[in-house]
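Participant: What follows is a predicted structure for the sequence shown.
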Amino acid sequence: LACRRQGMPKIRALVVLGSGGHTSEMLRLIQQLVLRRGGEVYSEVCFVVADTDSTSRKSAERAMASRTGVKLPCFQFVTIPRSREVGQSYMSSVLTTIRAAVTAIRIVHSIAPDLLLCNGPGTCLPVCIAAIIQRCRGAGTPTIVYVESVARVHTLSLTGRIVMALRLADEFLVQWPQL
């Protein structure tokens, strides 16, 4: 996440929001990145939200509108189908994740992000896969940064375990030393 030098291109970021605590954590992380690096580092931030997530977009919009919130030069929202609903069986979630991945491939191709930032919701898995496909196609090289949720104190989340096992992230960060 090194700050770009003067004259270097600005960063186009794709940020995955999940429902509830994932969104709050991500918005705090984005705020810290902007405060430390300056909003001018980011040319555009595109937030990805699940189509059944009714609160994350509103939370992000409030944060963007707040005087003390995150100040970004340009931001937008895109939606993808949710990979797995709470309580959905793992077997049926394979199909819904594939459906979400198809949508994510289109989004990643059209946004062409330099940075993909995610923190654990299942929604991030198809977006990470889409970014890897983008690399394989030679159509861009987004850096994938996965930050495990602060709520994961003793074990990684299911999404974290999958991202780690498949080596999808360039940087995999945890917030507790025992992880």
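Facilitator: Here it is on my side, so go on.

Participant: Which element is encountered next along the chain beyond the biggest strand by length in the chain?
Facilitator: As assigned by DSSP state E, the longest strand anywhere in the chain is strand 42-50. Later in the chain than strand 42-50, the nearest helix or strand by DSSP states H and E is helix 56-65.

Participant: That next one vs strand 42-50, what angle?
Facilitator: Here helix 56-65 runs at an angle of 150 degrees relative to strand 42-50 (axes from the mean of the first three to the mean of the last three C-alpha atoms, to 10 degrees).

Participant: my guess is residue 154 is in a strand, correct?
Facilitator: No: Residue 154 is assigned coil when assessed by DSSP: H, G, I helix; E, B strand; the rest coil, not a strand.

Participant: CA-only coordinates of the worst-scoring helix or strand of the chain on mean pLDDT, as CSV, when you get a sec.
Facilitator: Sorted by mean pLDDT, DSSP states H and E, the helices and strands of the chain end with helix 21-37, the least confident at a mean of 79. Extracted C-alpha coordinates of helix 21-37, given in CSV (Å, rounded to 0.1, in the frame of the first residue of the first chain):
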residue,chain,number,x,y,z
GLY,A,21,-19.3,-5.3,11.5
HIS,A,22,-17.3,-6.0,8.3
THR,A,23,-18.5,-2.7,6.8
SER,A,24,-17.7,-0.8,10.0
GLU,A,25,-14.2,-2.2,10.1
MET,A,26,-13.6,-1.6,6.4
LEU,A,27,-14.8,2.0,6.6
ARG,A,28,-12.5,2.6,9.6
LEU,A,29,-9.6,1.1,7.6
ILE,A,30,-10.3,3.2,4.6
GLN,A,31,-10.5,6.3,6.8
GLN,A,32,-7.1,5.5,8.2
LEU,A,33,-5.6,4.9,4.8
VAL,A,34,-6.9,8.2,3.5
LEU,A,35,-5.8,10.1,6.6
ARG,A,36,-2.3,8.6,6.5
ARG,A,37,-1.8,8.6,2.7
